[in-house]
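Visitor: This is a predicted model, with the sequence first.
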Amino acid sequence: MQDQTKGMAIKKGLLSGSGVQRSKGIGSRLRIAVLVILFSFVAFALLFIGRGVVAAASSDQNEFSIDSSRQNLNWRERLALQHLKPLLSKEVIDVINASTDDLGPLSVDFFRKNLSASWKSVGQETVPDNATSAESTEAARVKQEHTFNDEHSMFLETPAKLARRQLRDKKREKRAAELVKQDDEVTVKLENAAIERSKSVDSAVLGKYSIWRRENENENSDSTVRLIRDQLIMARVYTSLARMKNKLDLANELQNRLKESQRSLGDATADSDLQNSAPEKIKLMGQVLSKAREQLYDCKLVTGKLRAMLQSADEQVRSLKRQSTFLSQLAAKTIPNGLHCLSMRLTIDYYLLPLEKRKFPHSENLENPKLYHYALFSDNVLAASVVVNSTIMNAKDPEKHVFHLVTDKLNFGAMNMWFLLNPPGKATIHVENVDEFKWLNSSYCPVLRQLESAAMKEYYFKAAHPTTLSAGSSNLKYRNPKYLSMLNHLRFYLPQVYPKLDKILFLDDDIVVQKDLTGLWAVDLHGKVNGAVETCGESFHRFDKYLNFSNPHISKNFDPNACGWAYGMNIFDLKEWKKKDITGIYHRWQNMNEDRVLWKLGTLPPGLMTFYGLTHPLEKSWHVLGLGYNPSIDRSEIDNAAVVHYNGNMKPWLELAMTKYKPYWTKYIKYDHPYIRNCKLSEG
């Protein structure tokens, strides 16, 4: 019984043991399955949860670490991010971002296919294909740890570190702003300095436009004008092409728009000068040009037409320049109506005077060598009056100054009458007629003999006579009356005209005296005959400009680089003149130039040759030249000059005179004088 009971117990124990083992096996497998399912669930859950959070964190990590609002993140979120970082590297996050940005919701298949490729990328470097698996894994691990440490440290920054970082950023921004401000201040200072400098420069020199002038701050003040001009050019091009291709309707339309735009433009040089209809005309012209471009544009044809237009315009400019030169020279040689009127009225009144009233006082001073003597040869009454008045008004001892005026027969009465009515104070004045110098004849003077020859008459009056305005621009100067007048050549005969004088100051009639000139008589000429201001610079106004150095007579006797000097204010030592026979030297050179092979015209070239080696240079402040042609003379030079000279075509008594220089001349004219007022001469 006991054995039976014992056997049953053993059997039961065996059964229970096997059951326990079975239940243990089942329980173990169940737990593994549950863990796998749980892990898969957690992985996918974390993947989808982290998809938005991690992507946001990776897309703007710097902002996440700096922005103070992120300091208030829930500690659970921060803890979750810390655990997610080891699982999700930057490469995985990049794939998630790319998937989200490009394909909308995350695709697991896309992630699975692209994940392997992403593991090959380590930062910006790609692991080589021949690298071992271990090397690739190690490189990825090192890079992953480095990336994680950097990002992890950013997440764990304390509020104090964040505050310091923000403070540093603010300081950098402030410093950058200060540097920019300093640069702006320097730029403004430079611009203001340039603007102030531009105010001191005369606008007549620079013209209307200057980038530094306040009124021209708008760089596009003429942009509309230039647009219209461009449209006009293209309209002419397309009009020509339309006619070439027999598109007459389009050509007529372009021609009509061209005329309207030309009327709209008028003489405007700035947008403010345009008519109110200009914008509408621009719009209509633009429409026609667009239409023409569609139908006619051909690069080769358009380029050729523009080139032809450019060449034609260039030729027109040259022609206009020649005409302008001709007309300016013609204007310079003509006598204004007011001056002609003045001379005629004075002449009539002079010959109505009794003989006893035609004499000047102080005639005993005319041959006194101890006084200051001036030689002035002119046929212009008003110009001569300015020379005399300006000299006397600036002289310290007017009573010691003697003026010797020589004019021609036509103006002799007018010159006498003017100075009889307007005597130069205590100074002495005497007027002579060059035609009464009997010794000045063709047998003695080579110039007079040459002027009487048929060849010279042909040269001055026929061969050089232009048939058109443009052709005559270069030849008009040869027919200048001053080259035919003995008043111009009389300067070479000073000892013959004034045999009792030792020194004399020669003055042109286009000068103005601004200071006392008596110091010139005290200048030591060092044995030279002529005292004059030199006019040469680095490469101009030297002898080679005036003389023909291809001629052996010139090349053997003169230095081509010798410095030229100016007629207009010259102090002459007449004693040395006679000793060195200056007039004889002049005659010799004048005879050799009968065929004009040594120089072309004028009295300066023979003067340079005659006084070669016999001219003493004066200080430049004695004589400033160029007021008749040079608009850029420094104003301080003019103000400091003893004599200013209007040499050139723009004489101060002509309308074409430069306005900026004219007041130096007009200040010595009394415009309320009855003769001047009746002849309607005015400052303007």
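Guide: Done, it's in. Residues are numbered from 1 along each chain as shown.

Visitor: Could you use CA atoms for every contact and neighbour count after this?
Guide: OK.

Visitor: Return the distance of Leu614 relative to Ile582.
Guide: 10 Å (CA to CA, to the nearest Å).

Visitor: I meant Ala160, not that one.
Guide: For Ala160, the distance to Ile582 (CA to CA) stands at 102 Å.

Visitor: Which of those two has more residues huddled nearby?
Guide: Using other CA atoms under 10 Å, the more surrounded residue of Ala160 and Ile582 is Ile582, with 21 against 9.

Visitor: is it true that that one touches Thr610?
Guide: Yes - at 6.6 Å, Ile582 counts as touching Thr610 under the criterion of CA atoms under 8 Å.

Visitor: Report how many residues lie close to Asn551.
Guide: 12.

Visitor: actually Ser621, not the one I wrote
Guide: 15.

Visitor: list the contacts for it?
Guide: Residues near Ser621 by CA atoms under 8 Å, 6 or more residues apart in numbering: 637, 640-643.

Visitor: State whether Ala657 is indeed within a helix.
Guide: No - counting by DSSP: H, G, I helix; E, B strand; the rest coil, Ala657 falls outside a helix, being coil.

Visitor: So that it lines up with my notes, have the first residue be 805 from now on.
Guide: Let's use 805 as the start, then, which means that last one is Ala1461.

Visitor: mind listing what the closest residue to it other than its chain neighbours touches?
Guide: Closest residue to Ala1461 apart from its sequence neighbours, by CA to CA, 6 or more residues apart in numbering: Met1454 at 4.4 Å. Counting by CA under 8 Å, 6+ apart, Met1454 touches 1136, 1431-1433, 1460-1462.

Visitor: Of the residues you listed, which is the most crowded?
Guide: These, ranked by neighbours (other CA under 10 Å): first place Leu1431, 26 neighbours.

Visitor: In a markdown table: the contacts of Met1454, plus distance to Ala1366 and pLDDT.
Guide: Formatted as a markdown table, the contacts of Met1454 follow (distance: CA to CA, whole Å; pLDDT from 0 to 100):
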| residue | distance to Ala1366 | pLDDT |
| --- | --- | --- |
| Ala1136 | 30 | 68 |
| Leu1431 | 24 | 94 |
| Gly1432 | 25 | 91 |
| Tyr1433 | 24 | 89 |
| Leu1460 | 33 | 84 |
| Ala1461 | 32 | 88 |
| Met1462 | 31 | 90 |
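
Visitor: Out of those, which is nearest to Gln1035?
Guide: Leu1460 (35.1 Å; CA to CA).

Visitor: any idea how far that closest one is from Thr1138?
Guide: On the measure of CA to CA, Leu1460 and Thr1138 end up 12 Å apart.

Visitor: Could you report the distance from Thr1028 to Gly1090?
Guide: 13 Å.

Visitor: More neighbours: which of those two?
Guide: In terms of neighbours (other CA under 10 Å), Thr1028 is the more surrounded of Thr1028 and Gly1090; the figures are 19 against 16.

Visitor: who are the neighbours in contact with that one?
Guide: 1074-1075.

Visitor: List the contacts of Ile1196.
Guide: Counted by CA under 8 Å, 6+ apart, Ile1196 has contacts 1202, 1205, 1228-1229, 1231.

Visitor: one more time with 6 Å, if that's ok
Guide: Taking CA atoms under 6 Å, 6 or more residues apart in numbering, we find Ile1196 in contact with Pro1202.

Visitor: element containing it, please.
Guide: Using DSSP states H and E, Ile1196 sits within helix 1185-1197.

Visitor: Look up the closest residue to Val1185, ignoring the ones flanking it.
Guide: Per CA to CA, 6+ apart, closest to Val1185 is Met1219, 5.6 Å.

Visitor: tell me which residues of the helix or strand containing the one you found are tucked away?
Guide: In this assignment (DSSP H and E), Met1219 forms part of helix 1216-1225. Going by neighbour count (16 or more other CA atoms under 10 Å), the buried part of helix 1216-1225 is 1216-1224.

Visitor: any idea where the helices of the stretch 955-1104 of the chain begin and end?
Guide: 963-1003, 1007-1010, 1027-1048, 1052-1069, 1082-1100, 1103-1137 (DSSP state H, counting those that start in this stretch).

Visitor: Same check on the stretch 1155-1304 of the chain?
Guide: Using DSSP H, counting those that start in this stretch, helices in the stretch 1155-1304 of the chain cover 1185-1197, 1216-1225, 1250-1255, 1258-1261, 1285-1288, 1290-1293, 1298-1301.

Visitor: out of those, which comes closest to Phe1310?
Guide: helix 1298-1301 (9.2 Å).

Visitor: Partner strands of the very next helix or strand once past the closest one and their direction?
Guide: Where DSSP H and E defines the elements, the next helix or strand beyond helix 1298-1301 is strand 1307-1311. Strand 1307-1311 has these partner strands in its sheet, going by DSSP bridges: strand 1176-1181 (parallel), strand 1373-1377 (antiparallel).

Visitor: Dump those to a markdown table, plus distance to Leu1054, mean pLDDT and mean neighbour count.
Guide: As requested, those are exported to a markdown table (distance: least, CA to CA, whole Å; pLDDT from 0 to 100; neighbours: other CA atoms under 10 Å):
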| stretch | distance to Leu1054 | mean pLDDT | mean neighbour count |
| --- | --- | --- | --- |
| strand 1176-1181 | 68 | 97 | 23 |
| strand 1373-1377 | 67 | 96 | 23 |
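
Visitor: Let's have those in a markdown table, adding distance to Leu1058.
Guide: Below are the strands paired with strand 1307-1311 laid out as a markdown table (distance: least, CA to CA, whole Å):
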| stretch | distance to Leu1058 |
| --- | --- |
| strand 1176-1181 | 62 |
| strand 1373-1377 | 62 |
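
Visitor: contacting residues for Phe1347?
Guide: 1364, 1366.

Visitor: Work out for me the element the residue nearest to Ala1461 sits within.
Guide: Once you assign secondary structure using DSSP H and E, Met1454 falls outside every helix and strand.

Visitor: Quick check: it vs Ala1082, distance?
Guide: 39 Å.

Visitor: Any stretches of this structure with poor pLDDT?
Guide: 805-961, 987-988, 991, 994-995, 998-1025, 1130, 1132-1137, 1258-1288, 1341-1344, 1488 (pLDDT under 70).

Visitor: could you check the distance from the residue nearest to Leu1329 when sequence neighbours are not counted over to Gln1300?
Guide: Closest residue in space to Leu1329, ignoring its immediate chain neighbours: His1420 at 5.7 Å, by CA to CA, 6+ apart. Between His1420 and Gln1300 the distance is 22 Å, computed by CA to CA.

Visitor: before we move on, what about Gln1254?
Guide: For Gln1254, the distance to Gln1300 - CA to CA - is 21 Å.
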